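Undergrad: Here is a sequence with its predicted model. Questions after.
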Amino acid sequence: MNATKKALLAALLLAGGALAPAQPPAEIGPAEGIADQAISLARELRLAMYYAALAVYAPTPTDQRLYIQQVVNLIEGEGGEHTVAAPPARPPLPGMLARLELIRKAMPPDVPPGKRRVLSLILTNIRSFLGFALDESLAALRRGDIAAGAEHMRKAFAFLYAAWGIEVETPYLGGIWLLLRHLGYQQRPMSPEDPRP
């Protein structure tokens with residue numbers, strides 16, 4: 001494994017923290033049940049991002065297919081149309097799409113309408129991005145060559161990352177800002193303080 005791949009894997013492991021799959025959900029009741037499901041959803045999403053990145057840099061088509069299948073399993077969960085059953089020793093995962101639906105249905109009735117609308121939009125956005133990631137993962141599984149599979153998994157990773165989001169209060173659709181910040185550019189581009197055209 002070359003230095004670039006080792007560095008990528010190390011960064012993913014550091015960013016991912018403990019990447020153990022969460023337990024399958026029981027019935028969701030009070031608000032803390034919803035919080036638990038959201039935390040489990042976040043853990044599974046980080047794990048799916050990890051497998052998607054591994055699929056991009058997989059050394060063989062067989063390895064790539066195994067990593068891609070893990071992404072599909074995490075999104076669809078047990079009983080999904082494209083899910084491959086987990087070994088008997090591991091508990092089945094409900095799937096991130098199922099968790100989202102459980103969270104939506106378990107929303108307490110006393111949530112104010114404005115907050116309920118925001119939460120509904122967030123859940124819809126996450127569901128859309130997970131659906132796009134699933135589509136790209138399935139397209140990668142249908143492809144025979146490792147290069148085409150890697151291209152699809154780059155897109156799947158991007159959609160999973162979009163589902164992860166960033167810590168902001170307002171909608172965010174970008175990536176250039178973070179790039180500029182890491183390059184040491186502190187001013188906002190095209191602001192009055194920016195001397196460049």
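TA: Thanks, I have it. Everything quoted here is computed from the prediction, not taken from an experiment. Numbers count the residues shown, from 1 in each chain.
Undergrad: Could you give me the buried positions within the longest helix along the chain?
TA: Longest helix in the chain by number of residues (criterion: DSSP state H): helix 113-142. Neighbour counts over helix 113-142 (16 or more other C-beta atoms under 10 Å) mark 123, 126-127, 129-130, 132-134, 136-141 as buried. C-beta coordinates here come from the backbone N, C-alpha and C atoms, glycine included.
Undergrad: pLDDT and distance to residue 153 for those - can I get that in TSV?
TA: Output for the buried residues of helix 113-142, formatted as TSV (pLDDT from 0 to 100; distance: C-beta to C-beta, whole Å):
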residue	pLDDT	distance to residue 153
123	86	25
126	89	19
127	92	20
129	92	15
130	95	15
132	97	13
133	97	9
134	96	12
136	97	7
137	96	7
138	95	11
139	96	9
140	95	5
141	93	10
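Undergrad: Mind jotting down where the strands sit in this protein?
TA: Assigned strands in the chain: none (criterion: DSSP state E).
Undergrad: any low-confidence regions in it?
TA: 1-32, 80-92, 167-197 (pLDDT under 70).
Undergrad: Would you format the buried residues of helix 113-142 as CSV with distance to residue 54 included?
TA: Output for the buried residues of helix 113-142, formatted as CSV (distance: C-beta to C-beta, whole Å):
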residue, distance to residue 54
123, 28
126, 22
127, 24
129, 20
130, 18
132, 19
133, 15
134, 17
136, 15
137, 13
138, 17
139, 17
140, 12
141, 15
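Undergrad: Residue 65 - how many residues pack around it?
TA: Neighbourhood size, residue 65 [other C-beta atoms under 10 Å]: 17.
Undergrad: Quick check: chain neighbours aside, which residue is closest to it?
TA: Excluding its sequence neighbours, the residue lying closest to residue 65 (C-beta to C-beta, 6 or more residues apart in numbering) is residue 141, at 6.5 Å.
Undergrad: From residue 116, how far off is the one you found?
TA: 37 Å (C-beta to C-beta, to the nearest Å).
Undergrad: Quick one: residues contacting residue 144.
TA: Contact partners of residue 144, counting by C-beta atoms under 8 Å, 6 or more residues apart in numbering, are residue 61.
Undergrad: Got phi/psi on it?
TA: Backbone geometry at residue 144, expressed as degrees, to the nearest 10, gives phi -90, psi -30.
Undergrad: Could you check how far it is from residue 94?
TA: For residue 144, the distance to residue 94 equals 31 Å [C-beta to C-beta].
Undergrad: Much appreciated, bye for now.
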